[in-house]
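In: here is my input, please return the structure:
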Amino acid sequence: MKMKVIAMMVAGMLSLSVTFAQELPRKVQNVELLDLDGKPAKLPYFGEKNLMIFYVDPDRHKQNEDFTFELEENHRAQGDNIYGFGIMNLKDAPMIPNGMARSMAKKRTEKNGATVLADQERTLSSAWKLGDCNNQFVLMIVSKEGELVFLRKGVLSEADKEAFYKTIDKYR
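Out: Down below sits the predicted model:
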């Protein structure tokens with residue numbers, strides 16, 4: 001009896017992962033978040049360029065630090081058709097006041113010129129049906145046609161990185 005239950009659970013988990021994998025690519029819509037001054041802002045270049053989005057829980061902003069450093073150094077994700085930016089998932093970082101997180105990000109972006117938005121209510125993860133993003137670094141690619149074509153959460157494996165580079169090369 002135990003084996004039958006375990007087999008059913010494994011089969012269920014496999015079917016869920018296959019279903020999730022089949023969800024991509026899927027159409028997504030532009031959403032309204034906040035800029036670092038707390039003013040409403042839509043996703044930049046949505047529908048105009050392919051987007052590389054880092055959706056990051058501030059509690060885990062260093063989760064894939066080696067990978068993001070590598071991206072900056074090797075420029076493999078850059079191209080005329082790609083626009084990369086970050087979104088802070090503030091709802092999943094309740095110990096960090098939203099205003100403080102935006103202020104810290106603003107100081108950092110003044111130095112590096114990066115675009116960072118703030119998601120205070122899980123607007124993006126809800127609208128795009130990303131599931132649980134708490135304590136996770138989420139890496140996404142959205143085509144200029146508005147399709148989510150790449151999605152990984154958490155610590156990126158070598159296979160995840162290879163899949164990312166293979167996907168981003170198609171959209172550069």
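
In: all strands of the protein, in order?
Out: Secondary structure of the chain (DSSP state E): strands at 26-27, 32-34, 40-42, 50-56, 82-89, 116-119, 137-142, 147-153.

In: got CSV for these, with distance to residue 171 too?
Out: Heads up, the C-betas are built off the backbone N, CA and C, glycines and all. As requested, the strands of the chain are exported to CSV (distance: least, C-beta to C-beta, whole Å):
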stretch, distance to residue 171
strand 26-27, 16
strand 32-34, 22
strand 40-42, 20
strand 50-56, 4
strand 82-89, 6
strand 116-119, 21
strand 137-142, 6
strand 147-153, 8
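
In: quick check: which of those is nearest to residue 68?
Out: Among these, the nearest to residue 68 by C-beta to C-beta is strand 50-56 (7.2 Å).

In: can you pull out the low-pLDDT segments for this structure?
Out: Along the chain, the parts satisfying pLDDT under 70 run over 1-22.

In: just the helices in it please.
Out: 2-22, 65-74, 98-112, 123-127, 158-171 (DSSP state H).

In: show me what the third one is packed against.
Out: The helices and strands touching helix 98-112, judged by 3 or more C-beta pairs under 8 Å, 6 or more residues apart in numbering; DSSP states H and E, are strand 82-89, strand 116-119.
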